[in-house]
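Novice: how would this look folded up:
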Amino acid sequence: QVQVVESGGGSVQAGGSLRLSCTGPEYLYRRGYLMGWFRQAPGKAREGVAVIYTDGRTSYLDSVEGRFTISKDTTENILYLQMNSLKPEDTATYYCAAGGRLAYGEPSYWGQGTQVTVSS
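Specialist: Next up is the predicted model:
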């Protein structure tokens, strides 16, 4: 079974920064798979946060545009989400995802999630 594993979550104060990482099989990073980050806060629906397309284009949730940056290191097989100027409303479990119909919220592969908590 394909595994993608997130790391880098934690607790920060509002205005702080965190960088999430996601590791997985090499082919996810090199063979034309969409990769992205989702998040889910307690009591709320899961939402797509950022996507990186196979041509390097990126797309973001409106509320994180300009604060978050998604990137991919195809040498080390790591997907990143740099999160700056964090707000309490960014508090959620963040999931790495890849492949499938990711752009429609239906990826083939999910990580186990990493918790991000932002205090005011």
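Novice: who are the neighbours in contact with the most centrally placed residue in the chain?
Specialist: The chain has Trp37 as the residue nearest its centroid, 2.5 Å off, counting by CA atoms, centre = their mean. Contacts for Trp37 were tallied using CB atoms under 8 Å, 6 or more residues apart in numbering; they are Leu20, Cys22, Gly48, Val49, Ala50, Ile70, Leu79, Leu81, Tyr94, Tyr95, Cys96, Ala97. The C-beta positions use only the backbone N, C-alpha and C, and glycine is treated the same way.
Novice: again, 7 Å this time
Specialist: Leu20, Val49, Ala50, Ile70, Leu81, Tyr94, Tyr95, Cys96 (CB atoms under 7 Å, 6 or more residues apart in numbering).
Novice: What lies in contact with the worst-scoring helix or strand of the chain on mean pLDDT?
Specialist: Using mean pLDDT, DSSP states H and E, helix 26-30 stands out as the lowest-scoring helix or strand of the chain, at a mean of 83. Here helix 26-30 makes contact (CB under 7 Å, 6+ apart) with Met35, Lys72, Thr74, Asn77, Ala98, Gly99.
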